[in-house]
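[1] A predicted structure for the sequence below; I have some questions about it.
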Amino acid sequence: MEPEVAVAWIESIRDEVTVSEACTWLGIARVIYYHWKATVETKRTDAAVEKIRELCIHHKFRYGYRKITTLLRAEQRMNHKRVQRMMQREGLQCRVRMKKRKVTGQPAACLSSRKSAEAAIPCRGAPAKARYGHHLFTVWRKDVVLL
């Protein structure tokens, strides 16, 4: 007897008779039924893993387990912890992108809040002249032509 057939039949009549009675009619032990049931559910889980893999590939591994769970819930009921566990087991976690490096030089926070060179607050790590905004005036003075 095929395990899939036995499990499907017992599940279909489970409301009318107990699992013990159904197993007695089939001539199998109740423990064997539950073992077969776990095996059949594992095969169903493999279908879920395939669906998760398909979604990850389709979205180029940019979505994490939360977004994949949301997409799966449109088709079937799925717990986010289960999806996360399956994704970790299969190595389907989203790719972590490196942050873009900022341009080196004077930090934007030091320059943007300045009203004048007299009221400037020194920034740590900047050169002595740059701390008080002197370099701003020297840059502008290069463009000025005195007649």
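    Yep, that arrived.
[2] Neighbours of Glu21, how many?
    Neighbour count for Glu21, taken as other CB atoms under 10 Å: 13. The C-beta positions use only the backbone N, C-alpha and C, and glycine is treated the same way.
[3] nope, Cys94 is what I meant
    Cys94, neighbours per other CB under 10 Å, totals 17.
[4] how much space between it and Leu55?
    11 Å (CB to CB, to the nearest Å).
[5] Now the common contact residues for these two.
    Residues touching both Cys94 and Leu55 by CB atoms under 8 Å, 6 or more residues apart in numbering: Tyr63.
[6] okay, the closest residue to Tyr65 other than its chain neighbours: pLDDT?
    Take Tyr65 and drop its neighbours on the chain: the residue closest to it by CB to CB, 6 or more residues apart in numbering is Gln84, 4.0 Å away. pLDDT recorded at Gln84 is 92.
[7] Can you list the buried residues in the one helix or strand Gln84 maps to?
    Counting by DSSP states H and E, the element that carries Gln84 is helix 80-90. Buried residues in helix 80-90, defined by neighbour count with 16 or more other CB atoms under 10 Å: Val83, Gln84, Met86, Met87.
[8] Relative to Gly91, how far out is the first one?
    Taking CB to CB as the criterion, Val83 is separated from Gly91 by 14 Å.
[9] related to what we said a few turns ago, I'd say the residue nearest to Tyr65 and Ile52 touch.
    No. In this structure Gln84 lies outside contact range of Ile52 using CB atoms under 8 Å: 10.2 Å.
[10] what element comes up after the longest helix along the chain heading to the C-terminus?
    Using DSSP state H, we find that the single longest helix of the chain is helix 30-58. Once the chain leaves helix 30-58, the next helix or strand it forms, by DSSP H and E, is helix 65-73.
[11] hang on, Gly64 packs against Arg95?
    No. Under the criterion of CB under 8 Å, Gly64 makes no contact with Arg95, lying 10.0 Å away.
[12] Which residue of the two possesses the greater neighbour count?
    Remark: of Gly64 and Arg95, Gly64 carries more neighbours, 16 against 9, as counted by other CB under 10 Å.
[13] Thanks a lot, see you next time.
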